[in-house]
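Asker: Build the 3D model from these lines:
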Amino acid sequence: MTPDPYASVVLPTHGDRGTLDAAVASVLAQRHRDIELLLVSDGAGGATVARLRRWAGRDRRVRVLDLPKGEGRGEANRDRAVREARSPRIFYIDDDDLWLPDHVETLGPALEGSDVAESIPVSVTGRGRLAAVPDSHAHGPMRRLLAEKRHKSMFDTHLAHRKDAYLALPRGWRPELDGRPVLHFLAQFAADERFRWAAVPRVTALSLHGAARVDHAPEARAGEINHWRALVQGGRDGPALLAEATFQHHFWRLVQAVPAEGGEDLPRYCERLCLGVGPAAAPGRPALGPRHWDEVVAAWRFARGEPLEPAAAAEMLLTVTDPLLGPATASAPDLVRIAEDCVGRGGLAGVAEALRPFAEDHAVTGLLAHLPS
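Answerer: Residues are numbered from 1 along each chain as shown. Take a look at the predicted model:
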């Protein structure tokens, strides 16, 4: 490793939840090997720190910062890690996420002409589906929404920035009273017009959001992340993951946060927000195929209570009850009322029929209790 590595990677942990080893291994398996990995213990405890030190003993690219528990989610410890990083390029990964082998070699070059670079975020939902983000904060409307802290569709695992840009931020990583430190961190980049933000139209990482898995045992979480790691090691690359992903989950989040204006139809809504959906690609996003566009149309219609076939309405119910960034919060009666707006009272039996194969799922059981038998 050179004295100044190509990339510095910050991986904070509060304690191993069964996912740490897979996250670390995905960083060390990067095709661009000139990296340093800063494993930041935010008061993680003896067993986790010993595991971190074992990684440092195996690979000289690893450094351990064993720090006391910081306020909030340890944001001050992240700040310290960034300041101690030796590379001009800063990357992040959560201790329950995965990088594809080309993450650094894809985002690193984008930082030659920009201060911030993002790839296409893809989440693994609570039911094991892939949910891709259709928008990008690199472009005007979505960047303003982030600067105003009205909507965030980016996660730090899928983002990199220059260290000098970070040092120019007014606050950087700091504890936040509302418990949303990543939103406040990224909003600082979005709000400053001096910072150039690039979007790379490729999937390079997977987020397995811990807030959607708070009731999962470490063994279950280890099994899940290792399943996805094995798929990636077996050759499942970014284009394959994007082809498999659905855009319904994150598009539904966006429509809830940023409603249509006046009589705006879906194409105009997508154009206004520079969304990478439909036949034409937005900058930094690929053009999507017919299946992805159909999914977005269904989410749009469901959000507005417009006509849908019962099978499509059932699919939307599965989408909105699928834990994504945290436990699903919409109530079963409210969701059934939306479905009724879409299919009519007579169509609810068809919705129930389409949901019955998933009846063992707790959320689906709750929906079926409010649908015609």
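Asker: Now the terminal residues of stretch 193-203, how far apart.
Answerer: 26 Å (CA to CA, to the nearest Å).
Asker: ok, now stretch 147-162?
Answerer: Chord length of stretch 147-162, first to last residue, is 19 Å (CA to CA).
Asker: got the buried residues for that stretch?
Answerer: 147, 151-162 (16 or more other CB atoms under 10 Å). For every residue, glycine as well, the C-beta is placed using N, CA and C.
Asker: What is the nearest of these to residue 185?
Answerer: residue 156 (7.5 Å; CB to CB).
Asker: quick one: contacts for that closest one?
Answerer: Taking CB atoms under 8 Å, 6 or more residues apart in numbering as the criterion, residue 156 is in contact with 92, 94, 182, 185, 186.
Asker: circling back to that earlier point, can you name the two of the buried residues of stretch 147-162 that sit furthest apart?
Answerer: Applying CB to CB across those, the maximum distance is between 151 and 162, 24.4 Å.
Asker: Show me the helices in the stretch 101-250 of the chain, by range?
Answerer: 103-110, 140-147, 163-167, 181-191, 218-233, 238-244, 248-257 (DSSP state H, counting those that start in this stretch).
Asker: Can you say which of those is nearest to residue 47?
Answerer: Across the helices of the stretch 101-250 of the chain, closest to residue 47 is helix 218-233 (CB to CB), at 11.8 Å.
Asker: buried ones in the closest one?
Answerer: Buried-residue list, helix 218-233, by 16+ other CB under 10 Å: 221, 222, 224, 225, 226, 228, 229, 232.
Asker: average pLDDT for stretch 233-251?
Answerer: Across stretch 233-251, pLDDT averages out at 94.
Asker: Stretch 91-111 now?
Answerer: For stretch 91-111, the per-residue pLDDT averages 98.
Asker: Export only the CA atoms of it, formatted as CSV.
Answerer: Backbone C-alpha positions of stretch 91-111 (Å, rounded to 0.1, in the frame of the first residue of the first chain) are rendered in CSV as follows:
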residue,chain,number,x,y,z
PHE,A,91,-15.9,6.2,1.2
TYR,A,92,-18.3,4.8,3.7
ILE,A,93,-20.0,1.5,4.4
ASP,A,94,-22.3,0.5,7.3
ASP,A,95,-21.4,-2.7,9.2
ASP,A,96,-24.5,-4.5,7.8
ASP,A,97,-24.1,-3.5,4.1
LEU,A,98,-22.2,-5.0,1.1
TRP,A,99,-20.0,-3.5,-1.6
LEU,A,100,-19.7,-5.1,-5.0
PRO,A,101,-16.0,-5.6,-6.1
ASP,A,102,-16.1,-2.6,-8.4
HIS,A,103,-17.4,0.0,-5.9
VAL,A,104,-14.1,1.9,-5.5
GLU,A,105,-13.0,1.6,-9.1
THR,A,106,-16.4,3.0,-10.2
LEU,A,107,-16.9,5.9,-7.8
GLY,A,108,-13.2,6.9,-7.4
PRO,A,109,-12.7,8.2,-11.0
ALA,A,110,-16.0,10.2,-10.7
LEU,A,111,-14.3,12.2,-7.9
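Asker: Could you give the separation of that stretch from the chain centroid?
Answerer: 13 Å (CA atoms, centre = their mean, to the nearest Å).
Asker: which parts of that stretch are buried?
Answerer: Applying 16+ other CB under 10 Å to stretch 91-111 flags 91-104, 106-108, 110-111 as buried.
Asker: How about stretch 51-69?
Answerer: Quick answer for stretch 51-69 (16+ other CB under 10 Å): 51, 52, 55, 61, 62, 63, 64, 65, 67.
Asker: any idea which element the first one lies in?
Answerer: In this structure, residue 51 sits in helix 46-58 according to DSSP states H and E.
Asker: So which elements touch that helix?
Answerer: helix 20-28, strand 35-42, strand 62-67 (3 or more CB pairs under 8 Å, 6 or more residues apart in numbering; DSSP states H and E).
Asker: Could you rerun that using 7 Å?
Answerer: With contacts taken as 3 or more CB pairs under 7 Å, 6 or more residues apart in numbering; DSSP states H and E, helix 46-58 sits against strand 35-42, strand 62-67.
Asker: What ranges does the stretch 251-373 of the chain have for its helices?
Answerer: 266-272, 290-304, 310-320, 332-343, 348-355, 362-368.
Asker: which other residues reach the second one?
Answerer: Helix 290-304 has contacts (CB atoms under 7 Å, 6 or more residues apart in numbering) with 246-248, 251-252, 255, 266, 277-278, 307-308, 312-313, 315-316, 338, 342.
Asker: Please apply the same query to the third one.
Answerer: For helix 310-320, contacts defined as CB under 7 Å, 6+ apart pick out 248-249, 252, 298-299, 302, 328, 330, 335, 339, 342-343, 347, 350-351, 354-355, 358, 367.
Asker: Report the angle between it and helix 248-257.
Answerer: 80 degrees (axes from the mean of the first three to the mean of the last three CA atoms, to 10 degrees).
Asker: for the longest one, same thing?
Answerer: Taking the same axes, to 10 degrees, one finds that helix 290-304 is oriented at 40 degrees with respect to helix 248-257.
Asker: Number of residues surrounding residue 202?
Answerer: 19 (other CB atoms under 10 Å).
Asker: Please tell me how far the residue nearest to it when sequence neighbours are not counted sits from residue 106.
Answerer: Spatial nearest neighbour of residue 202, excluding adjacent residues (CB to CB, 6 or more residues apart in numbering): residue 238 at 4.7 Å. Distance of residue 238 to residue 106, given as CB to CB, to the nearest Å: 8 Å.
Asker: Overlap of the contact sets of the two?
Answerer: 202, 204.
Asker: quick revisit: list just the one of the helices of the stretch 101-250 of the chain that sits closest to residue 201.
Answerer: So among the helices of the stretch 101-250 of the chain, helix 238-244 is nearest, using CB to CB, at 9.1 Å.
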